[in-house]
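>>> Mind folding the following:
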Amino acid sequence: MQLEEKQPLMYHHMIEGGFVVRRSENRAFNCVPTDQALEQTINREAKSQGGVIGFTLRKGALLRWLMTRHITGEYAESFKDLCNSSSKDKLHEELGDTRLHRDQKDVKDITEYLQSQCQDPFNLEEVPECLVNIITGQVASEKVEKSLRNIPEMGKTVADGFIKERLGEKPSKSFWDPLKKTTVLTFTDMKKAIPNDKDRRLIIDTEVLFRRLLAVARSRDVDLKNVLRHELAAVPPALFHDDGRMRKTNKADLAQKLESSCPDGLASLPEVSDAISSAYIIDGMAVVQSLNENHFRTFDDLAEVVQKRIVRLLRNPSLGLSSVTIVFDRYDNAFSIKSAERERRGSNSEQAYPITGNRQVPNYRKFLRASRNKANLAEYICNYIIEHVAEYLPYDTSVVLAGGFREATLVKSVSTSTVANLENLYCNQEEADTRMIFHACYLSQEHGRVIVHCDDTDVLVLLVHYHSRGYLSDQVYMYAGHSGKERYIPVHSIVKELGPLVCGSLPAAHALTGCDTTCSLNRIGKKSAYTKLVKNADSLMGLASFYEDDLDGSVASARKFVLLLYAGKKGNDVDTLDELRHVLATTTDKTAGMLPPTEDSFKQHVLRAKYQTRLWCQSHVASQEVVDPVGHGWSACNGGITPTMFIEAPAPIEVRDLTHLYCTDKDCQNARKCPCVLAGLDCIDVCSCSDCKNQSNKEQERSGDIQLDTGVDV
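Modelled structure (predicted):
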């Protein structure tokens, strides 16, 4: 540790890169560690033909050979180079055209996968500042985040202790003593546990569990079709991650496909005659989220920034607006079906702050992670606008505020002269998405053009759907994008291109393939789902009445769609997802997550999608009938709700032998200690018993009596 003082020449040599070896002077990027260079040169020559192997057993001769080995090795290497007629390219193989093209393709593939299937790590504006798993989009729990953030400090502590105990002036341990393992909590520690009994819980990887249970099915004479009717996992891997969180997909892919069906988005709106009035609707929380915290210091400053944006819109002559409506989400429903999504995004994990005008805004991104903070901020902004905006409004214009007040249904209009309650627009809808559609339907009665400022795929889907049903104005635009990519998306042009069948089925298809409140299907993205919907619109027309049909009808329509997604034309040969699971498991090597869900878990998925589609397709209704989500794919849990994954057992009793890992009776005669005996089943090879008396299956397997070909490599 005092190398610079005691061995200055060696110290400077190491600083200059003397800890690596370059074997070829004319090539770049070819330095290797010294031990690796020794293995590739002297040691390799010693162990290859002409080396020490079989040379001699005499110690003196062996010693002389070792003393001169570095010289003879250099001669041997020189002779090989002399005899090698091929000239070596000075360019490193990693820099060749073929390798560069392959690397570029790999980078492109990885980037596309991350952006389409994962939490996009390149879009820093939409990623919370808390730790996020980019594959699942999962936000780390408080304990896991604290543990991972402390890794540098923990590593420094371990390193300091190692130096002090083993390299100090008075070492207390040998340099070679093993280090004590440092416990670090990771995302793996958040995996969902499989209930085993009252005292033990087992956490196991879904794929390992799936393969193990299939192995058990092969060992016992059971019907594999019946086995595959069960998920064979703690969670449905096609719909949920191992930790129990819903799978998510990139919703923006669907928006891109919808945009591609019409001409490119417009940088500016086309001119219209003065006879056509325009109305503007804003997603309030999206505006709040998009603010740059460097542009304000206090909450008054923040509200002023939002107010200036609204006034600027009303004063823009190219828009020709007579009103601007700003709509906020509600966060006061403990049984909201968006609670799981808000938890995944990291909401509800931060403390709430009181909001006053002169109070300095705390860390803005962390502040917005708490639902209570967002609700209080929305209320403060609404009240601030009511008090201050009138003097800045152009004549005969108004600002409508909805969703941001303590009273959920309240809607207020602010003009240059009055502040009025708009009782005809009182609405009990929780989501700003559906509430914006409600206001768009109302404004379309008096305005020839409606513009919705939002960057949410759900809203675009609903605008397309409602325009096809005749609820909206002839001209409807969605203003989306940020960072120089802003554009006006002509919704009416999209509807004209797609036709009524696709537009009518779009909300159901969107819910079935993953939205904020429903699971996506593993490795099935929005692009492929949209393509299947468009190509098979006639056969999938049942999705248009998905939310109105009874449960059996909804399941049948959804099943037809999902069979197309998983099997394509092969889906015509099977009638159920369970049958397709059996076909794919016995004819392919697909992993558990690549198989479709079971009919049991799919039914719960359909219930959730049906519930969400119903909310979407009744957006035009001011006072929707409030239906308890519990029993519609959701279950009550700890004062809130959680998705119901499946109803039936995760595995049939014949193969449900996870508890074998805890078998404590080596001869398997005590039913209390051996789960197989308790269940009336024979032990098999994967059981942990050593001298088992309950092993008729084992004996039959050894004699070759059991021959069950599942066609699956386990």
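>>> Quick check: closest non-adjacent residue to Asn694.
Among residues not flanking Asn694 along the chain, Cys668 sits closest, at 4.1 Å (Cβ to Cβ, 6 or more residues apart in numbering). Where you see a C-beta, it was placed from the backbone N, CA and C, and this is true even at glycine.
>>> and that neighbour, how many neighbours does it have?
Other residues near Cys668 come to 23 when the count uses other Cβ atoms under 10 Å.
>>> How about Asn226?
Neighbour tally, Asn226, other Cβ under 10 Å: 14.
>>> what sits against the residue nearest to Trp616 when sequence neighbours are not counted?
Once flanking residues are discounted, Trp616 sits nearest to Pro507: 4.8 Å by Cβ to Cβ, 6+ apart. Residues counted as contacts of Pro507 (Cβ atoms under 8 Å, 6 or more residues apart in numbering) are Val461, Leu462, His465, Phe546, Tyr547, Thr613, Trp616, Cys617.
>>> thought the last one was touching Ser545?
No - in this structure, Cys617 sits apart from Ser545 without contact. The criterion is Cβ atoms under 8 Å, and the distance is 9.7 Å.
>>> ok, the two, which is more surrounded?
When Cys617 and Ser545 are compared for neighbours, Cys617 comes out ahead with 23 against 15, by other Cβ under 10 Å.
>>> In which helix or strand does the closest residue to the more buried one other than its chain neighbours reside?
Nearest residue to Cys617 in three dimensions, chain neighbours excluded: Tyr547, at 5.4 Å (Cβ to Cβ, 6+ apart). Using DSSP states H and E, Tyr547 is not contained in any helix or strand.
>>> and the gap between Tyr547 and Pro500?
According to Cβ to Cβ, to the nearest Å, Tyr547 stands 17 Å off from Pro500.
>>> And the helix or strand Lys308 falls within, how far out from the chain middle?
Using DSSP H and E, Lys308 sits within helix 299-314. Counting by Cα atoms, centre = their mean, to the nearest Å, helix 299-314 is centred 34 Å from the centre of its parent chain.
>>> what do you get for stretch 479-487?
Distance, centroid of stretch 479-487 to centroid of chain: 24 Å (Cα atoms, centre = their mean).
>>> what's the answer for stretch 147-160, then?
The answer for stretch 147-160 is 28 Å, by Cα atoms, centre = their mean.
>>> Tell me the buried residues in that stretch?
Using 16 or more other Cβ atoms under 10 Å as the test for burial, stretch 147-160 gives Ser147.
>>> Could you list the residues in contact with that stretch?
Outside stretch 147-160, the residues touching it (Cβ under 8 Å, 6+ apart) are Leu131, Ala140, Leu179, Thr182, Val184, Leu185, Thr186.
>>> What about the residues you listed, which one has the most neighbours?
Busiest of the contacts of stretch 147-160 [other Cβ under 10 Å] is Ala140, holding 22 neighbours.
>>> pretty sure that residue contacts Phe187?
Yes - Ala140 lies in contact with Phe187 (Cβ under 8 Å); the separation is 6.5 Å.
>>> Overlap of the contact sets of the two?
Asn133.
>>> Would you state the helices of the stretch 251-400 of the chain in chain order?
Under the criterion DSSP state H, counting those that start in this stretch, the stretch 251-400 of the chain carries helices at the ranges 252-260, 284-290, 299-314, 339-344, 364-367, 371-388.
>>> Lowest average confidence across those helices, which one?
Among these, helix 339-344 carries the lowest mean pLDDT, at a mean of 65.
>>> Let me see the residues that make contact with the longest helix belonging to the chain.
Secondary structure of the chain per DSSP state H: the longest helix is helix 97-117. Applying Cβ under 8 Å, 6+ apart, the external contacts of helix 97-117 come out as Glu93, Asp120, Pro121, Phe122, Ile134, Thr249, Asn250, Asp253, Arg523, Gly525, Lys527.
>>> ok, so of those, who is nearest Thr591?
Closest approach between those and Thr591, by Cβ to Cβ: Arg523, at 9.7 Å.
>>> Quick check, that closest one in contact with Met594.
Yes - in this structure, Arg523 is within contact of Met594 by Cβ under 8 Å, at 6.3 Å.
>>> What ranges does the stretch 451-600 of the chain have for its strands?
475-480, 487-490 (DSSP state E, counting those that start in this stretch).
>>> Same check on the stretch 101-250 of the chain?
Taking DSSP E, counting those that start in this stretch as the criterion, the stretch 101-250 of the chain carries its strands at 194-195, 201-202.
>>> And the contacts of the helix holding Lys308?
In contact with helix 299-314 (Cβ under 8 Å, 6+ apart) are residues 280, 282, 287-288, 291, 295-296, 319, 321, 324, 326, 355-359, 361, 377, 380-381, 384-385, 388-389, 392-394, 397, 399.
>>> wait, what's in contact with Leu460?
Leu460 touches Ala255, Leu258, Cys454, Met478, Ala480, Ile489, Val491, counting by Cβ under 8 Å, 6+ apart.
>>> The residues you listed into a markdown table, with extra columns for neighbour count and distance to Lys47?
Formatted as a markdown table, the contacts of Leu460 follow (neighbours: other Cβ atoms under 10 Å; distance: Cβ to Cβ, whole Å):
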| residue | neighbour count | distance to Lys47 |
| --- | --- | --- |
| Ala255 | 21 | 61 |
| Leu258 | 26 | 64 |
| Cys454 | 21 | 68 |
| Met478 | 27 | 70 |
| Ala480 | 22 | 65 |
| Ile489 | 23 | 68 |
| Val491 | 29 | 72 |
